[in-house]
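Colleague: Please find the sequence and the predicted model below.
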Amino acid sequence: MTAAGWREINCDVCVDSPYLRVMRECVATPTRPDGVEWMVVRRKQAVVVAPRTDAGGFLMICQERVPIRCQLWEFPAGQIDGAVTEETIHATAHRELAEETGWRTTDPMVSLGNYWPSAGFTDEYCHLFLATGVHRFDTEHRPDQSEMILECREFALGEIWTMIADGVICDANSLAAIARMVAMGHLSR
């Protein structure tokens, strides 16, 4: 995936955890062949699922986000464990939908493509999906305590547009998924 003219000169690990690594890197670029030093957060690839109900609304989760010290309404998402293959990407999308919402689908998920959520500091790469035909399978569903998910609710499409306009939906993953759905003709304004 690395383009011509890019080369790692040196790299030091500053933080290493199961979820991310913080690196101090010196990298030669096409315009800076002698290198530039950069702090980089290395993360596993992830999935983001936009679950659409038969009523035409979308499920969103309200989740506490420690780095920004607030709660956000967002689509379910999670990191891919192990080798990244088409099979593990789709399995992770189905797993995250079920774990975070208590809903699932037997329909194939529609790929909305991929994107870099914050290329200025991390190499995290997200796979976006639209899940249709979602149905509740666990009426007593309680998200894993480590997730910090407070609530899962269905929002009508009109509510989604208002939440975006009012800045209530403001995370990159959800906004990217919605933008892709509009651009690909899965949603209209």
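Modeller: Perfect, thanks for sending it.

Colleague: List the residues that contact Arg21.
Modeller: For Arg21, the contacting residues are Val13, Val15, Val41, Arg42, Arg43, by C-beta atoms under 8 Å, 6 or more residues apart in numbering. No exception for glycine: its C-beta is placed from N, CA and C like everyone else's.

Colleague: what helix or strand does the most centrally placed residue in the chain sit in?
Modeller: Nearest residue to the geometric centre of the chain (C-alpha atoms, centre = their mean): Val48, 3.9 Å. Element membership for Val48 (DSSP states H and E) is strand 46-53.

Colleague: mind listing what the closest residue to Asp54 other than its chain neighbours touches?
Modeller: Nearest non-adjacent residue to Asp54, counting by C-beta to C-beta, 6 or more residues apart in numbering: Gly133, 6.7 Å away. For Gly133, the contacting residues are Asp54, Thr105, Thr106, Asp107, by C-beta under 8 Å, 6+ apart.

Colleague: okay, among these, which ones form the most distant pair?
Modeller: Greatest spatial distance in these: Asp54 and Thr106, 12.8 Å, computed using C-beta to C-beta.

Colleague: ok, back up a step: for PyMOL, what selects the buried ones among the contacts of Gly133?
Modeller: Only the buried entries of the contacts of Gly133 go into this PyMOL selection, using 16 or more other C-beta atoms under 10 Å:
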select buried, resi 105
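
Colleague: Can you tell me the SS state at the residue of the chain most remote from its centre?
Modeller: Distance from the centre of the chain peaks at Asp34, with 34.2 Å (C-alpha atoms, centre = their mean). For Asp34, the secondary structure call by DSSP: H, G, I helix; E, B strand; the rest coil comes out as coil.

Colleague: separation between it and Cys170?
Modeller: 39 Å (C-beta to C-beta, to the nearest Å).

Colleague: One more: Trp161?
Modeller: According to C-beta to C-beta, Trp161 and Cys170 sit 14 Å apart.

Colleague: ok, now Met23?
Modeller: Here the criterion is C-beta to C-beta. By it, Met23 lies 28 Å from Cys170.

Colleague: of these two, who's got more company?
Modeller: Met23 (18 against 15; other C-beta atoms under 10 Å).

Colleague: Could you give the bridge partners of that one?
Modeller: As for beta bridges, Met23 partners with Val13, Val40 under DSSP bridges.

Colleague: Before I go, just wanted to say thanks for your time.
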